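Engineer: here's my sequence, what's the structure:
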Amino acid sequence: MTSAHPATPDPAHPHPAAPHPAQPYTLGAGGASVRADADELRERAAACPVMLPGGVPGMIVSRHRELRDFLAHPAVAKNARHFAALTEGRVPAQWQLNAFALVNGMTTADGDDHRRLRGLAAKAFTPRRVAAMRPWIEQLAGELVSALPDRAGPDGVVDLRAHFAYPLPMGVISRLLGVAPEHRDHLHELTGLLVSTSSSAAEAMAAQRGIHAVLAEVVAERRAHPADDLADDLAGALVAARDEGWAGGAERLSDEEVAGTLLLMIVAGHETTLNLITNAVRALCRHPDQRDLVLTGGASWDAVVEETLRWDSPVANFPFRYPTADLDVGGTVIPRGTPVLAGYAAAGRDPREYGPDADRFDVTRAPGTRHLSFGHGAHYCLGAPLARLEAAVALRTLYGSWPRLATAVPEAELPPLPGFVGNSVSELPVRLGG
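Structural biologist: Sure thing, here's the model as predicted:
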């Protein structure tokens, strides 16, 4: 049995794992219980059994240190060939979470395959390229902020998620991929169905087919009209790798790898940043003292972004990783081949790492332990620098024009994003004048 964490007690982390629960925990599919689920699971044990949709058993790792170690463990894989229940035929053929398990791309690749796919995609996210995008992101953010009053209803209320937090990251990733404006809203609708664990299996799989159909059009357009500089067109670079070989060599990307990588970029490139911007505004509305601290120069917008990522991670529970050997995680054994969720929302408020005030939103919090909201290890989010830049620019621009904006309804009345993967609200009605 392989250990993902030392078995000896650590004085700095004195809380022992709870006994293995007798019954798997059923995660709320509707999204309303994401925070309660996270806190409950984290305090039960470092690793807990959960029941996934369709009656598929899995586990979740919810404590910061154990999750960090698990994500980087050499005996933990991403490819579904290690998913025991799937390979043994115990997972429904039509399953809500098939898109997470079976997409053929960077997010489900291991070893050399992962390095090959990540190496190509990384060309779109170099520090130079991210820095060069700042003026365009600032221009787009300014245009969206200026248009907000016209988006408000007769009562002066505007949905900030729909009219600001969404079009900014979707515009950025679409520009990177060469996705035409007429496809963007449809892709957003489809990706929402795909990542929502409250969608039926039929809805999720239909959404995946729909996304592939749209991306096939993008690929066909890039093939017919390649950009002069493939470094400025990730979709075109992927097509070239499919048609001409990887990095000018003999090895080519498959059609499935091109489609899977584009799907990942569309989903991760806008859904998570959309949630991040939305959650940051919600946090500042709930904590006006923290907002005022930033507005008066006592903290930076970058600090707001980092504290939001920790305190209200845009991804609550990310599927899947699979131990390739039995792993002891904080005193609980995760059997080989088990599908494991990364419990980012729970780990972000782990008092074992962040102290007794882990539940408090504090933009002056000392950096200390780094949060895990972008992952850890080989699969650390490639787009993290771009997401950070987009969110900081968004907040600076928004509050530069509307420093006293406030939510139009109490926090408890904001509709949660459906499912247990994404973590946010589906609407954010605000009054710009406060």
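Engineer: doesn't Gly433 make contact with Trp402?
Structural biologist: Yes - counting by Cβ atoms under 8 Å, Trp402 does reach Gly433; the two are 7.2 Å apart. C-beta: built from backbone N, CA, C; applies to glycine.
Engineer: which residues of the stretch 1-150 of the chain score low on pLDDT?
Structural biologist: By pLDDT under 70, the weakly predicted segments of the stretch 1-150 of the chain are 1-22.
Engineer: 80 instead, please
Structural biologist: 1-22, 28-32, 120-121, 123-124 (pLDDT under 80).
Engineer: all strands for it, in order.
Structural biologist: Per DSSP state E, counting those that start in this stretch, the stretch 1-150 of the chain carries strands over the ranges 2-3, 25-26, 47-52, 56-61, 76-77.
Engineer: mind putting the ones you listed into TSV with mean neighbour count?
Structural biologist: Shown next, in TSV, are the strands of the stretch 1-150 of the chain (neighbours: other Cβ atoms under 10 Å):
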stretch	mean neighbour count
strand 2-3	16
strand 25-26	14
strand 47-52	24
strand 56-61	24
strand 76-77	24
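Engineer: these: which one's closest to Glu182?
Structural biologist: Glu182 sits nearest to strand 47-52 of all these, at 35.6 Å, using Cβ to Cβ.
Engineer: and the strands of the stretch 1-150 of the chain: which comes nearest Arg321?
Structural biologist: Using Cβ to Cβ, the strands of the stretch 1-150 of the chain put strand 76-77 closest to Arg321, at 5.0 Å.
Engineer: the closest one - contacts with which helices or strands?
Structural biologist: For strand 76-77, the elements it packs on are strand 317-323, judged by 3 or more Cβ pairs under 8 Å, 6 or more residues apart in numbering; DSSP states H and E.
Engineer: any idea which helix or strand comes after the strand it packs on?
Structural biologist: The helix or strand immediately downstream of strand 317-323 is strand 327-329, counting by DSSP states H and E.
Engineer: what packs against that following strand?
Structural biologist: Packed next to strand 327-329, using 3+ Cβ pairs under 8 Å, 6+ apart, are strand 2-3, helix 64-71.
Engineer: put the alpha carbons of stretch 129-149 into PDB.
Structural biologist: The C-alpha coordinates for stretch 129-149 follow below in PDB (Å, rounded to 0.1, in the frame of the first residue of the first chain):
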ATOM      1  CA  ARG A 129       1.800  36.800 -24.400                       C
ATOM      2  CA  VAL A 130      -0.300  37.200 -21.200                       C
ATOM      3  CA  ALA A 131       1.400  40.600 -20.600                       C
ATOM      4  CA  ALA A 132       0.800  41.600 -24.200                       C
ATOM      5  CA  MET A 133      -2.900  41.000 -23.800                       C
ATOM      6  CA  ARG A 134      -3.300  43.400 -20.900                       C
ATOM      7  CA  PRO A 135      -4.200  46.500 -23.000                       C
ATOM      8  CA  TRP A 136      -6.800  44.600 -24.900                       C
ATOM      9  CA  ILE A 137      -8.300  43.200 -21.700                       C
ATOM     10  CA  GLU A 138      -8.400  46.600 -20.200                       C
ATOM     11  CA  GLN A 139     -10.100  48.000 -23.300                       C
ATOM     12  CA  LEU A 140     -12.800  45.300 -23.300                       C
ATOM     13  CA  ALA A 141     -13.400  45.700 -19.500                       C
ATOM     14  CA  GLY A 142     -13.800  49.400 -20.000                       C
ATOM     15  CA  GLU A 143     -16.300  48.900 -22.800                       C
ATOM     16  CA  LEU A 144     -18.300  46.500 -20.800                       C
ATOM     17  CA  VAL A 145     -18.400  48.700 -17.700                       C
ATOM     18  CA  SER A 146     -19.500  51.700 -19.800                       C
ATOM     19  CA  ALA A 147     -22.300  49.700 -21.200                       C
ATOM     20  CA  LEU A 148     -23.700  48.500 -17.800                       C
ATOM     21  CA  PRO A 149     -26.100  51.400 -17.200                       C
END
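Engineer: tell me which residues of it come out buried.
Structural biologist: Counting neighbours by 16 or more other Cβ atoms under 10 Å, one finds that the buried residues in stretch 129-149 are 129-130, 133, 137, 140-141, 144-145, 148.
Engineer: re the thing from before, Trp402 and Gly433: which has the busier surroundings?
Structural biologist: A count of neighbours by other Cβ atoms under 10 Å puts Trp402 above the other of Trp402 and Gly433, at 19 against 11.
Engineer: one step back: identify whichever of the helices and strands packed on strand 327-329 lies nearest to Ser424.
Structural biologist: If you check each of the helices and strands packed on strand 327-329 against Ser424 by Cβ to Cβ, helix 64-71 wins as the nearest, at 20.5 Å.
Engineer: next one: that closest one to chain centre, how far?
Structural biologist: Centre-to-centre, helix 64-71 and its host chain are 17 Å apart (Cα atoms, centre = their mean, to the nearest Å).
Engineer: one more: stretch 379-386?
Structural biologist: From the chain centre to the centre of stretch 379-386 is a distance of 10 Å (Cα atoms, centre = their mean).
Engineer: give me every residue that touches Ser196.
Structural biologist: If you count contacts by Cβ atoms under 8 Å, 6 or more residues apart in numbering, Ser196 has them with 204, 417-419, 421-422.
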